[in-house]
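> I'd like to go over a predicted model; first the sequence, then the structure.
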Amino acid sequence: MSPGHQPGWETRLLRAWPWAVAVGTVLPLLLAAALREGYPDVPSVDEHKRLLQALYALTGGVVFYWTAVLTVAAGCWIVRVMKGPVRGGPDPYPLPERDRFEM
């Protein structure tokens, strides 16, 4: 967390970003490895076609996931920039009571 920054939901999301990318990448890789292990050493043409289609679908899912996570991270970064640093005095200064005009 940068000094003088008011933490919010965007800070929590940015802190979780590396884990989200890692989990969203490793799980499909494990699934792809399990698919490849489940097929015979010399698959038939149809089996090979289904395996490649599943691997392409997993690759597309990972790329889509990366795009979504990167979009959320960019939005969080924009919110942090828009908030800017916290500005405040060194000591609390109570505001004087305003005169209220009553009708």
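Right, received. Where do you want to start? Numbering: from 1, shown residues only.

> Can you give me the buried ones in the helix or strand residue 46 falls within?
Under the assignment given by DSSP states H and E, the secondary-structure element containing residue 46 is helix 45-83. Taking 16 or more other Cβ atoms under 10 Å as the neighbour-count basis, helix 45-83 is seen to contain the buried residues 51, 58, 62, 65, 69, 72-73, 76, 80. Bear in mind the C-beta positions are built from the backbone N, C-alpha and C, glycine included.

> and that helix, what does it pack onto?
Counting contacts by 3 or more Cβ pairs under 8 Å, 6 or more residues apart in numbering; DSSP states H and E, helix 45-83 packs against helix 9-38.

> show me where pLDDT drops low in the chain?
Along the chain, segments meeting pLDDT under 70 span 1-6, 87-91, 95, 99-103.

> Show the contacting residues for the residue nearest the centre of it.
Within the chain, one residue has its C-alpha closest to the average C-alpha position: by Cα atoms, centre = their mean, that is residue 69, at 3.8 Å. By Cβ atoms under 8 Å, 6 or more residues apart in numbering, the contact set of residue 69 is 17, 20-21, 24.

> Can you tell me which of these is closest to residue 42?
residue 24 (32.8 Å; Cβ to Cβ).

> And the closest residue to the closest one other than its chain neighbours, how close does it get to residue 34?
By the measure of Cβ to Cβ, 6 or more residues apart in numbering, the closest residue to residue 24 outside its immediate chain neighbours is residue 65, 4.5 Å from it. According to Cβ to Cβ, to the nearest Å, residue 65 stands 18 Å off from residue 34.

> How about residue 66?
Taking Cβ to Cβ, one finds residue 66 at 21 Å from residue 34.

> which residues touch the nearest residue to residue 77 once chain neighbours are set aside?
Spatial nearest neighbour of residue 77, excluding adjacent residues (Cβ to Cβ, 6+ apart): residue 14 at 7.3 Å. By Cβ under 8 Å, 6+ apart, residue 14 lies in contact with 73, 76-77, 80.

> Could you work out the most separated pair of those residues?
When Cβ to Cβ is used, the two most widely separated members of the contacts of residue 14 are 73 and 80, lying 10.6 Å apart.
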